[in-house]
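K.L.:
here is my input; please provide its structure:
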Amino acid sequence: QVQLVESGGGLVHHGGSLRLSCAASGRTSSRYAMAWFRQAPEKEREFVAGIDWNGLRQSYADSSKGRFTISRDNAKNTVYLQMNSLKPEDTAVYYCAADLTNLITRAARDYAYWGQGTQVTVSS
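P.N.:
Modelled structure (predicted):
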(Lines give C-alpha, C1' and ligand atoms only; values in the text may rest on other atoms or scores of the structure.)
Protein backbone atom coordinates (compact mmCIF):
# COMPACT_ATOMS: atom_id res chain seq x y z
CA GLN A 1 0.00 0.00 0.00
CA VAL A 2 1.08 3.53 -0.75
CA GLN A 3 -0.42 6.54 0.99
CA LEU A 4 -0.26 9.89 -0.79
CA VAL A 5 -0.88 13.30 0.75
CA GLU A 6 -0.98 16.46 -1.36
CA SER A 7 -0.36 19.98 -0.12
CA GLY A 8 0.35 23.42 -1.51
CA GLY A 9 -2.94 24.32 -3.12
CA GLY A 10 -4.62 27.66 -2.65
CA LEU A 11 -5.92 30.82 -4.26
CA VAL A 12 -3.68 32.68 -6.70
CA HIS A 13 -4.18 35.44 -9.25
CA HIS A 14 -3.97 34.95 -13.01
CA GLY A 15 -0.27 34.72 -13.91
CA GLY A 16 0.80 33.63 -10.45
CA SER A 17 2.59 30.50 -9.31
CA LEU A 18 2.03 27.63 -6.93
CA ARG A 19 4.08 24.60 -5.95
CA LEU A 20 2.21 21.43 -5.08
CA SER A 21 3.80 18.64 -3.06
CA CYS A 22 2.83 15.00 -2.73
CA ALA A 23 4.33 13.03 0.15
CA ALA A 24 4.32 9.23 -0.14
CA SER A 25 4.43 6.75 2.70
CA GLY A 26 4.01 3.02 3.07
CA ARG A 27 5.46 0.94 0.25
CA THR A 28 8.00 3.60 -0.69
CA SER A 29 10.76 1.09 -1.44
CA SER A 30 9.06 0.20 -4.71
CA ARG A 31 10.05 1.93 -7.89
CA TYR A 32 6.97 3.58 -9.26
CA ALA A 33 5.97 6.35 -11.59
CA MET A 34 3.94 9.21 -10.20
CA ALA A 35 1.65 11.70 -11.82
CA TRP A 36 -0.55 14.69 -11.23
CA PHE A 37 -4.12 14.78 -12.42
CA ARG A 38 -6.77 17.44 -12.00
CA GLN A 39 -10.52 17.56 -12.00
CA ALA A 40 -12.63 20.66 -12.47
CA PRO A 41 -16.33 20.73 -11.53
CA GLU A 42 -18.46 18.67 -13.92
CA LYS A 43 -15.40 17.60 -15.90
CA GLU A 44 -13.50 14.33 -16.11
CA ARG A 45 -10.23 13.85 -14.29
CA GLU A 46 -7.39 14.70 -16.65
CA PHE A 47 -3.68 14.00 -16.77
CA VAL A 48 -1.42 16.96 -16.03
CA ALA A 49 2.12 15.56 -15.75
CA GLY A 50 3.97 12.35 -14.92
CA ILE A 51 7.46 11.29 -13.92
CA ASP A 52 9.19 7.93 -13.76
CA TRP A 53 10.99 6.45 -10.77
CA ASN A 54 14.40 8.06 -11.28
CA GLY A 55 13.10 11.30 -12.71
CA LEU A 56 14.74 10.83 -16.10
CA ARG A 57 11.47 10.83 -18.00
CA GLN A 58 8.62 13.31 -17.69
CA SER A 59 5.43 13.66 -19.62
CA TYR A 60 3.13 16.65 -19.82
CA ALA A 61 -0.32 17.37 -21.11
CA ASP A 62 -0.42 20.00 -23.83
CA SER A 63 -2.23 22.33 -21.43
CA SER A 64 0.62 22.22 -18.90
CA LYS A 65 3.65 21.95 -21.18
CA GLY A 66 5.95 24.94 -20.82
CA ARG A 67 4.21 26.22 -17.69
CA PHE A 68 4.33 23.30 -15.25
CA THR A 69 7.30 21.24 -14.11
CA ILE A 70 7.10 17.89 -12.34
CA SER A 71 10.01 16.69 -10.22
CA ARG A 72 10.66 14.25 -7.42
CA ASP A 73 12.98 13.81 -4.46
CA ASN A 74 13.11 10.10 -3.67
CA ALA A 75 15.11 10.72 -0.50
CA LYS A 76 12.06 12.59 0.80
CA ASN A 77 9.50 10.36 -0.95
CA THR A 78 7.99 13.51 -2.40
CA VAL A 79 6.85 14.60 -5.85
CA TYR A 80 6.38 18.25 -6.77
CA LEU A 81 4.45 20.18 -9.36
CA GLN A 82 5.68 23.69 -9.97
CA MET A 83 2.96 25.66 -11.71
CA ASN A 84 3.76 29.00 -13.30
CA SER A 85 1.74 31.43 -15.41
CA LEU A 86 -1.45 30.06 -13.95
CA LYS A 87 -4.72 30.69 -15.74
CA PRO A 88 -8.33 30.61 -14.50
CA GLU A 89 -8.84 27.42 -16.52
CA ASP A 90 -6.25 25.71 -14.31
CA THR A 91 -8.74 25.90 -11.45
CA ALA A 92 -9.40 22.35 -10.25
CA VAL A 93 -8.73 19.83 -7.54
CA TYR A 94 -5.26 18.43 -8.15
CA TYR A 95 -4.56 14.80 -7.32
CA CYS A 96 -1.34 12.90 -6.95
CA ALA A 97 -1.25 9.29 -8.17
CA ALA A 98 1.20 6.40 -8.10
CA ASP A 99 1.64 3.60 -10.66
CA LEU A 100 3.58 0.62 -9.32
CA THR A 101 4.55 -0.50 -12.82
CA ASN A 102 6.73 2.60 -13.28
CA LEU A 103 4.98 3.40 -16.53
CA ILE A 104 3.88 6.96 -17.14
CA THR A 105 0.41 6.69 -18.58
CA ARG A 106 -2.23 9.34 -19.07
CA ALA A 107 -5.18 7.17 -18.07
CA ALA A 108 -6.39 7.61 -14.52
CA ARG A 109 -7.52 3.97 -14.42
CA ASP A 110 -3.88 2.83 -14.65
CA TYR A 111 -2.93 4.36 -11.31
CA ALA A 112 -3.47 2.26 -8.21
CA TYR A 113 -3.00 4.85 -5.49
CA TRP A 114 -4.41 8.34 -5.11
CA GLY A 115 -4.20 11.21 -2.68
CA GLN A 116 -7.18 13.13 -1.37
CA GLY A 117 -6.56 16.13 -3.61
CA THR A 118 -5.73 19.78 -3.07
CA GLN A 119 -7.77 22.69 -4.41
CA VAL A 120 -6.16 25.18 -6.77
CA THR A 121 -8.16 28.30 -7.60
CA VAL A 122 -6.91 30.89 -10.09
CA SER A 123 -8.76 34.19 -10.11
CA SER A 124 -9.03 36.32 -13.23
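K.L.:
what is the residue most central in space within the chain paired to in the beta sheet?
P.N.:
The centre of the chain sits closest to W36, judged by CA atoms, centre = their mean, with a distance of 2.1 Å. Beta bridges link W36 to A49, C96 when assigned by DSSP bridges.
K.L.:
could you give the average pLDDT over stretch 99-117?
P.N.:
Stretch 99-117 carries an average pLDDT of 92.
K.L.:
who touches that stretch?
P.N.:
Contact with stretch 99-117 is made by 1-6, 22, 27, 30-35, 37, 39, 45, 47, 50-53, 57-59, 61, 93-98, as judged by CB atoms under 8 Å, 6 or more residues apart in numbering. Every residue, glycine included, has its C-beta placed from N, CA and C.
K.L.:
how close does the residue nearest to the centre of the chain sit to A107?
P.N.:
14 Å (CB to CB, to the nearest Å).
K.L.:
kindly report the same for E42.
P.N.:
E42 is 20 Å from A107, where distance means CB to CB.
K.L.:
counting neighbours, go ahead and name the busier of those two.
P.N.:
The neighbour comparison of E42 against A107 (other CB atoms under 10 Å) goes to A107, with 10 against 5.
K.L.:
show the backbone phi and psi for the more buried one.
P.N.:
With angles defined as degrees, to the nearest 10, A107 shows backbone torsions of phi -100, psi 120.
K.L.:
who are the contact partners of the closest residue to Q1 other than its chain neighbours?
P.N.:
For Q1, ignoring the flanking residues on the chain, the nearest one in space by CB to CB, 6 or more residues apart in numbering is G26 at 4.8 Å. By CB under 8 Å, 6+ apart, G26 lies in contact with 1-3.
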